[in-house]
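**Q** Please find the sequence and the predicted model below.
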Protein chains: 8
Amino acid sequence: MRKKGFTDLGFAKVDVDRFKRRGFPEVVYCPGKTREQIIGIVRELARHKQPLLLTRLEKDAWSGLKKHFPGLEYDPLGKIAYQGKKTTKKRKNPVLLISAGTADIPVAEEAYITLKVMGEKVIKLYDVGVAGSHRLADNLGLLKKASVIIVVAGMEGALASLVSGLVACPVVAVPTSSGYGASFSGLSALLTMINSCSPGVAVVNIDNGFGAGYFASLINR
Amino acid sequence: MRKKGFTDLGFAKVDVDRFKRRGFPEVVYCPGKTREQIIGIVRELARHKQPLLLTRLEKDAWSGLKKHFPGLEYDPLGKIAYQGKKTTKKRKNPVLLISAGTADIPVAEEAYITLKVMGEKVIKLYDVGVAGSHRLADNLGLLKKASVIIVVAGMEGALASLVSGLVACPVVAVPTSSGYGASFSGLSALLTMINSCSPGVAVVNIDNGFGAGYFASLINR
Amino acid sequence: MRKKGFTDLGFAKVDVDRFKRRGFPEVVYCPGKTREQIIGIVRELARHKQPLLLTRLEKDAWSGLKKHFPGLEYDPLGKIAYQGKKTTKKRKNPVLLISAGTADIPVAEEAYITLKVMGEKVIKLYDVGVAGSHRLADNLGLLKKASVIIVVAGMEGALASLVSGLVACPVVAVPTSSGYGASFSGLSALLTMINSCSPGVAVVNIDNGFGAGYFASLINR
Amino acid sequence: MRKKGFTDLGFAKVDVDRFKRRGFPEVVYCPGKTREQIIGIVRELARHKQPLLLTRLEKDAWSGLKKHFPGLEYDPLGKIAYQGKKTTKKRKNPVLLISAGTADIPVAEEAYITLKVMGEKVIKLYDVGVAGSHRLADNLGLLKKASVIIVVAGMEGALASLVSGLVACPVVAVPTSSGYGASFSGLSALLTMINSCSPGVAVVNIDNGFGAGYFASLINR
Amino acid sequence: MRKKGFTDLGFAKVDVDRFKRRGFPEVVYCPGKTREQIIGIVRELARHKQPLLLTRLEKDAWSGLKKHFPGLEYDPLGKIAYQGKKTTKKRKNPVLLISAGTADIPVAEEAYITLKVMGEKVIKLYDVGVAGSHRLADNLGLLKKASVIIVVAGMEGALASLVSGLVACPVVAVPTSSGYGASFSGLSALLTMINSCSPGVAVVNIDNGFGAGYFASLINR
Amino acid sequence: MRKKGFTDLGFAKVDVDRFKRRGFPEVVYCPGKTREQIIGIVRELARHKQPLLLTRLEKDAWSGLKKHFPGLEYDPLGKIAYQGKKTTKKRKNPVLLISAGTADIPVAEEAYITLKVMGEKVIKLYDVGVAGSHRLADNLGLLKKASVIIVVAGMEGALASLVSGLVACPVVAVPTSSGYGASFSGLSALLTMINSCSPGVAVVNIDNGFGAGYFASLINR
Amino acid sequence: MRKKGFTDLGFAKVDVDRFKRRGFPEVVYCPGKTREQIIGIVRELARHKQPLLLTRLEKDAWSGLKKHFPGLEYDPLGKIAYQGKKTTKKRKNPVLLISAGTADIPVAEEAYITLKVMGEKVIKLYDVGVAGSHRLADNLGLLKKASVIIVVAGMEGALASLVSGLVACPVVAVPTSSGYGASFSGLSALLTMINSCSPGVAVVNIDNGFGAGYFASLINR
Amino acid sequence: MRKKGFTDLGFAKVDVDRFKRRGFPEVVYCPGKTREQIIGIVRELARHKQPLLLTRLEKDAWSGLKKHFPGLEYDPLGKIAYQGKKTTKKRKNPVLLISAGTADIPVAEEAYITLKVMGEKVIKLYDVGVAGSHRLADNLGLLKKASVIIVVAGMEGALASLVSGLVACPVVAVPTSSGYGASFSGLSALLTMINSCSPGVAVVNIDNGFGAGYFASLINR
């Protein structure tokens, strides 16, 4: 914990040391921050010429932002802005990104952009939930080739356990808030995944596609 | 889990095999899906000339949809679009669809349309909650004739137990989110129904009229 | 809030003023108190020659207590010791004490002794849960004659609403902790009763037969 | 449970028998009902010339309603419409209606109108929460004269226990949803009141001023 | 709700009318009942020569009971006593009874005895949880032949959804309390099953094998 | 609890005695109060020439208020209006006000204004969350000099424990509602702080910056 | 965060630096530690001749321990062992230690010993719960003289708010797990205290008498 | 999902295919299994000469087991039996196994044995919780060298975030059930870890040391 390593903007202490310390720079979580605060933080990060990632950025907020950072791109599905999609390094195995349903795609896309910016090769396998498990069975080949798998699922979130039971690689599970009343905004899927009877599953926060992508990339290094 | 049996649209893997496998085609749960995604999925299902059911379809979304599928009808109370109300087969006994209060009718209507599209004969008995149980007692004849009963109730959800204690057929209970603060958006009614002291009750998700209709129809086959 | 009105024993400040202030003396809730503390408190209360009530007194603790207070009686079902069952005053209407099931009787008995010591006339109607509602219907006469009704019920606790819908008097509902897993030790019945769709129900704590008896007696004054 | 006793409107079975059975007619809980449904139900109740009470009626909904029922009045604070404020019968003791804070007044007003329509004499004592308990102490005379007390309180809801400890009459407690984050929309106050260490408190649903007024009036009969 | 139809033992009102009304007699839930109460109730039921079922009967309690009812048998795994295993009627399709893990077998056995006493043909398929889904895939034939399936599962309870997605018959799901800390004694599995993304699943209480067996038998009639 | 000491406005009993009793006057919590009620209460407090604090005052409400009280100032970040920022007394040690992230600043600002109005010297240390703990380590000097520290943190709220482990002064922890789904609007941070393994931490309500500032000032007297 | 400052025992890294850093040495929380581990840790702490505190030490565990540390004393009510009760420094004002009920005394005693070992003067005021608030009113003098107050209360925990409203000093609130079913082992009292409508209350963990004593002593320095 | 691949013992379908499919054989979770069932399953697994792991095996159960499997060893702290500690392969970086407190060691030991049997090199760093963060700071070298870190922590579980913020490798977090009342048997630590503000943390079940070890080993392959 050596001295310094951050830039003090008053409302924020930008952790410019993070790339060196953790292999990836600080990521800007946008909710609760004013436009001015976001601009200030991104400007400081940009000054260090590192990859940029702004998560949970609403379309409106993006409109007010893009003129300041022409190099930024925006994915409206995943509500994520980014710069610096690095050339994917040659790796033997890709990250496999699975969603249980179409409604889970926004969260999956947040993971997708995160993974790309972190230099991963990603294969998407969307809408293969357990209500029609032949869709998964038909893609066993993809599952076997992955070095790490992300499973994004709402409602009861059963897909993570099923996938994990079929593979030798780690499964990162992301519960989503989609579902009927008793899903309690993702609590049900979270509990399902945390209680997986199949070892080899670890869980990140509800709707936290970014966290899943980040964690999967760390595994894949 | 034989190979294939689905159409891959990228954002969705439409389970065109489902009718053969399960006796009823895939149903489209609309929340979290874009208009384009809904249109794409429905188009693929329609190509197989099977009954169509689109649940939780907001009125606005329906407006943008109906011109693409002239055969579709829409029930604004149950927020459900459908096609293929089959001629009801001759069955000895109808499904009895009970609501505890007037506020529970939207959920009941979702069950109603589901049951009709699945070919069931349905009798409605609305607003017979336990606050005035003579309204139920006056309809004992209907209860006795049913082969399966759906009970839709919010607030404390006591009606399911009461009905079950009077009949020999299975009762499918649907908690609804209507009620004062401590109903916790349906949690109270859900717990009530799951804890029924009267055997013969099973429960589906909060406000899940579709699920109750679907389950009741499976029983009635 | 005038000065004094209590006896200070160090570990307890016995509220000897309570009878005058509230019409009934302090009641001793036994859990978490040592035998010596209970004896000290009861001795002080006894000195004022008021009715005595000791709730949640385990059989073992009672054994060590009875020799000190020969006038005390003990009800092993309700786990309650008492003295001073007053001659019941002439009242027009009795308190009706209903239990949904046999497993709820211990809580009902705690209410029973409380009511008797407070001078109420009590009629018991046990095991009339909604799984066989004809048992309640057969006793409509009793219901109509009551000036206040206590309903003790576990599992889903639906009985309180049903009873309330049939009568003009207030219903005091006591959830009990009996039931399968999702009753969550009485939480389910508590929520059911608090959410009653039938006005005229108020609720006391889980398994709190004493509180229900006390409250019903206040109503009946 | 004799036959009939209700009018069947299809979407509602109006319990026209209720006045005879329970001493007060059916009350219309408005959320989740369409304007047409509310009009239909009220029309049927009005036909029987009984007192009318419509709870949780938003101002907008009231606007569309009042022209159909010129005799109805509306209280915008309590969001309650009513007709038939009966001449208050001569009773020895009034109902005392206490609110802990100013933010709890809307719920208290719902209780107030309910009590008035049910013929009670009501005394209001607002904003006497425990943060300044001298405000309550200064009104001990009012407390002593009441035959039943309603306590409306949000946040931690401690007032119900304090009041109950000072009086000999029953206290009906109403938790409200006002408060900071961990009040969890009234759950905290509900638990406080249900766990009252002072016997003589019973609880109704969160923000259920109507239920408290109704219950208090039953006690006061 | 005709008059009578029960025997009043004071502590219990035995519902001797239940067989006629519901097709199966009253079942004795043993927790919270004294030995004397159980004996009294069973004696009354036995007098009517109907099938007997005593659930949640601990081994010790059974020891004190069996001499009074020589015809009773006891299943120590399911903790259930019974009499009257009827000759199984000729039915086209059996009930398929599935458990996810070995630890779920006690609950499954409670369902098994219930089903047998109710006259069902039952096929057991134990320990086919999603951690090794080939065990289920290998038994697709059994799944297809069932007219109703019970799925008993703890931990994350994912099996119910998976099974349901493969079959055309209704699935009755029973969450069990087995699992690590965050299973919260079955809450996790309960939520999973209630939120099933696959229609055709309804849920009974945690560890309620009896309720599942009963419900499945009603379906199979 | 001496008589009087408040002004009765009907809808409010303004506690004008509070300054004398508690060292700081009544503070106006604005949610759930009408504009007229707020004006009435503030007018009464202002008449006593004491410091004024109005918490949770939305910008719109402020607009309608400021013309009535020209001396009031408004902090839009903390949504708090105030008057009477007293000259800070000479004290040896300041209050240190720490926020974990930029999104927690609004809550911190509510604490800041509260502290200033109560006469404290405050040092702000914002955005030093555990994701980059060198930012905290770099400010150990500030930590050591504080006589009391407020830690404002959302998400997992880990910062309070970490800070407490480094200092000898008391830490007042404020959980905030910022975070992903499973933060459950601040519940997660609240539990974290209440369970701190480091002694010397006490907790106030979620997002309750005012309460933290008030408590810290009491400590600092 | 300078290097070293602890002794590494393998199973524990004893924080021998803590006295210097925080003004009080490491305290041994005994649950989950073996006898050998406790002995090892205490021996290391004793070597530095600092005050010793062992919390949650069961009587049996104490028996096996005392012979190793003859200087240790044990309080069986508070389940706490200690050494080094320092001469109380001259301070102007004592800590006032309040318990709501007799059942809360064990938690209060844990706070008492902690305070004594930390050199505080303590005045006990036990059993002054809100069910008889004249017991508190009679001790207003004590309240006014305290520089910090600890309130220990179970059930609904209302006492903390009431006390806080009467004084100018900070109130440290300790919820306890004593109470009926819906106290949910202290959750109810915790929520009550966290939601206090009276500013000047901060809360520690359920039954955490040690934490309250520690925090109060920090305030009193 | 090819056919077969398991041995059917009736009560269990031993997944003998798992080593080939997942790289590690089936692990026996012992709670809820009879001694006979455990013996049967282990015998079948042993027949395939694969590593053996039996988790949550109580000491008593182990006593009855060891004579049947002389090759098995037992770790009483981690309550885990095992066979086949493979020679650790040469790997560049070890797994770092961190516990926050001494009370968390049993869970950490379960992870330790799991990791060893799976062939990992493990370094233990116990008792470095945030209450004395210099103990962690002193071991930064170990943290930097790890390829994956397991953090085991109860109470508020803050350590996982802190560690993660310092390293570039993935952190697998295990909440434990140790702590005071409001830790709710590990729920608090679970929420803390799931809500980590520091990316790079994923979570397994409460007290699930095995699951963490398994997942970490998958990462390390």
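**A** Nice, thanks for sending it over.
**Q** Distance from stretch A:195-209 to the middle of the chain?
**A** For stretch A:195-209, the separation from the chain centroid amounts to 13 Å (computed by CA atoms, centre = their mean, to the nearest Å).
**Q** what about it and chain E, any contact?
**A** Yes: on the criterion CB under 8 Å from any CB of the partner chain, stretch A:195-209 is in touch with chain E at A:Asn195, A:Ser196, A:Cys197, A:Ser198, A:Pro199. C-beta here means a position set from N, CA and C on the backbone, and glycine is covered the same way.
**Q** got it, and stretch A:158-168?
**A** Yes: contact of stretch A:158-168 with chain E (CB under 8 Å from any CB) involves A:Ala158, A:Ser161, A:Leu162, A:Ser164, A:Gly165, A:Leu166.
**Q** Take the residues you listed and lay them out in a markdown table including secondary structure and distance to chain D.
**A** Compiled in a markdown table, the residues of stretch A:158-168 next to chain E are given as follows (DSSP: H, G, I helix; E, B strand; the rest coil; distance: CB to the nearest CB, whole Å):
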| residue | secondary structure | distance to chain D |
| --- | --- | --- |
| A:Ala158 | coil | 29 |
| A:Ser161 | helix | 31 |
| A:Leu162 | helix | 34 |
| A:Ser164 | helix | 34 |
| A:Gly165 | coil | 37 |
| A:Leu166 | coil | 40 |
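**Q** which of these lies closest to B:Gly23?
**A** Nearest to B:Gly23 among those, counting by CB to CB, is A:Ala158 at 21.7 Å.
**Q** Any idea how many residues pack against the closest one?
**A** Using other CB atoms under 10 Å in any protein chain shown, A:Ala158 has 34 neighbouring residues.
**Q** Wait, it touches E:Ala158, no?
**A** Yes: applying CB atoms under 8 Å, one finds A:Ala158 in contact with E:Ala158, separated by 3.4 Å.
**Q** right, is stretch A:7-23 up against chain H?
**A** Yes: residues of stretch A:7-23 contacting chain H under CB under 8 Å from any CB: A:Arg21, A:Arg22, A:Gly23.
**Q** Just the ones in strands from those residues, please.
**A** Counting by DSSP state E, the residues of stretch A:7-23 next to chain H place none of their members in strands.
**Q** Could you double-check that A:Phe184 lies in contact with E:Leu190?
**A** No: in this structure, A:Phe184 is not within contact of E:Leu190 by CB under 8 Å, at 11.9 Å.
**Q** Please, where are all the strands along chain A?
**A** Using DSSP E, strands in chain A cover A:7-8, A:13-14, A:28-29, A:52-55, A:73-75, A:80-83, A:95-99, A:122-126, A:148-153, A:171-175, A:201-203.
**Q** Pull up the pairing partners for the first one, direction included.
**A** Take DSSP bridges as the rule and strand A:7-8 pairs in its sheet with strand A:13-14 (antiparallel).
**Q** residues making contact with the partner strand?
**A** A:Phe6, A:Thr7, A:Glu26, A:Ile41, A:Glu44, A:Leu45, F:Tyr126, F:Asp127, F:Val128, F:Gly132, F:Arg135 (CB atoms under 8 Å, 6 or more residues apart in numbering or on different chains).
**Q** rewinding a little: dump the strands of chain A to JSON lines, plus distance to B:Gly213 and mean neighbour count.
**A** Converted to JSON lines, the strands of chain A look like this (distance: least, CB to CB, whole Å; neighbours: other CB atoms under 10 Å in any protein chain shown):
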{"stretch": "strand A:7-8", "distance to B:Gly213": "59", "mean neighbour count": "17"}
{"stretch": "strand A:13-14", "distance to B:Gly213": "55", "mean neighbour count": "26"}
{"stretch": "strand A:28-29", "distance to B:Gly213": "42", "mean neighbour count": "22"}
{"stretch": "strand A:52-55", "distance to B:Gly213": "39", "mean neighbour count": "24"}
{"stretch": "strand A:73-75", "distance to B:Gly213": "38", "mean neighbour count": "16"}
{"stretch": "strand A:80-83", "distance to B:Gly213": "39", "mean neighbour count": "23"}
{"stretch": "strand A:95-99", "distance to B:Gly213": "27", "mean neighbour count": "28"}
{"stretch": "strand A:122-126", "distance to B:Gly213": "28", "mean neighbour count": "19"}
{"stretch": "strand A:148-153", "distance to B:Gly213": "24", "mean neighbour count": "30"}
{"stretch": "strand A:171-175", "distance to B:Gly213": "27", "mean neighbour count": "33"}
{"stretch": "strand A:201-203", "distance to B:Gly213": "33", "mean neighbour count": "32"}
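**Q** can you put the residues of stretch A:158-168 next to chain E in CSV and add pLDDT and distance to chain C?
**A** Output for these, formatted as CSV (pLDDT from 0 to 100; distance: CB to the nearest CB, whole Å):
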residue, pLDDT, distance to chain C
A:Ala158, 96, 20
A:Ser161, 97, 21
A:Leu162, 97, 25
A:Ser164, 97, 26
A:Gly165, 96, 26
A:Leu166, 96, 31
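**Q** Can I get stretch A:60-68 in PDB, CA atoms only?
**A** Output of stretch A:60-68 as PDB, limited to C-alpha atoms (Å, rounded to 0.1, in the frame of the first residue of the first chain):
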ATOM      1  CA  ASP A  60     -29.600  10.100 -22.100                       C
ATOM      2  CA  ALA A  61     -26.400  10.400 -20.100                       C
ATOM      3  CA  TRP A  62     -24.500   9.000 -23.100                       C
ATOM      4  CA  SER A  63     -25.900  11.800 -25.300                       C
ATOM      5  CA  GLY A  64     -24.400  14.400 -23.100                       C
ATOM      6  CA  LEU A  65     -21.100  12.600 -22.900                       C
ATOM      7  CA  LYS A  66     -20.100  11.500 -26.400                       C
ATOM      8  CA  LYS A  67     -19.100  14.800 -27.700                       C
ATOM      9  CA  HIS A  68     -16.500  15.100 -25.000                       C
END
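**Q** what's in contact with that stretch?
**A** A:Cys30, A:Arg35, A:Ile38, A:Ile39, A:Val42, A:Arg43, A:Leu54, A:Leu57, A:Leu72, A:Tyr74, A:Pro76, A:Ala81.
**Q** Quick one: name the residues of chain A near chain F.
**A** A:1-6, A:10-13, A:15, A:17-18, A:26, A:29, A:31-33, A:37, A:41, A:175, A:177, A:185-187, A:190, A:205-208, A:211.
**Q** Buried only: go through those for me.
**A** Among the residues of chain A next to chain F, the ones that count as buried by 16 or more other CB atoms under 10 Å in any protein chain shown are A:1, A:5-6, A:11-13, A:15, A:17-18, A:26, A:29, A:32-33, A:37, A:41, A:175, A:177, A:185-187, A:190, A:205-208, A:211.
**Q** how about the helices of chain A, start to end?
**A** Assigned by DSSP state H, the helices in chain A fall at A:18-22, A:35-47, A:59-63, A:105-117, A:134-137, A:140-145, A:159-164, A:187-194, A:209-220.
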